[in-house]
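Enquirer: pasted the sequence and its predicted model underneath.
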Amino acid sequence: MHRLWFRVGPAHGNGNWPKEQRLGRFETHSWLLVPMVFTALVSLGAGLFAGLPFSPLDWAARVANGEYLP
């Protein structure tokens, strides 16, 4: 651990850091944001449409009523 933490540079001793890549005005590549944005939109949609008959909440209620009620 000491050798990895305290070495001179990323290229094992020559001290040259890699060139910084400019991605335009964004801080990261868009492919890193797509899964998080998709998950956020699906979660938001599930919360906003929770009262509709095809929502996950309605399906959970149907399963619970069918399984646990006599």
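Expert: Done, it's in. Numbering: from 1, shown residues only.
Enquirer: so how far is Val37 from Gly24?
Expert: Distance from Gly24 to Val37, counting by C-beta to C-beta, to the nearest Å: 18 Å. Bear in mind the C-beta positions are built from the backbone N, C-alpha and C, glycine included.
Enquirer: neighbour-wise, which of those two wins?
Expert: Val37 (10 against 6; other C-beta atoms under 10 Å).
Enquirer: ok, now how distant is the most centrally placed residue in the chain from Ser43?
Expert: Closest to where the C-alpha atoms of the chain average out (C-alpha atoms, centre = their mean) is Met36, at 3.5 Å. From Met36 over to Ser43 the distance is 11 Å, taken as C-beta to C-beta.
Enquirer: and for Phe6?
Expert: In terms of C-beta to C-beta, Phe6 sits 43 Å off from Ser43.
Enquirer: again with Arg62
Expert: 21 Å.
Enquirer: what's the average pLDDT for stretch 39-50?
Expert: Within the predicted structure, the mean pLDDT of stretch 39-50 is 91.
Enquirer: give me the contact list for it.
Expert: Contacting residues not belonging to stretch 39-50 are listed as Ser55, Pro56, Leu57 [C-beta atoms under 8 Å, 6 or more residues apart in numbering].
Enquirer: ok, how many other residues are close to Leu57?
Expert: 13.
Enquirer: now do the contacts for it.
Expert: Counting by C-beta under 8 Å, 6+ apart, the residues that Leu57 touches are Ala50, Gly51.
Enquirer: the bottom helix or strand of this structure by mean pLDDT?
Expert: helix 2-5 (a mean of 67; mean pLDDT, DSSP states H and E).
Enquirer: which residues of the protein fall in strands?
Expert: Applying DSSP state E to the chain gives no strands.
Enquirer: longest helix anywhere in this protein?
Expert: helix 30-48 (DSSP state H).
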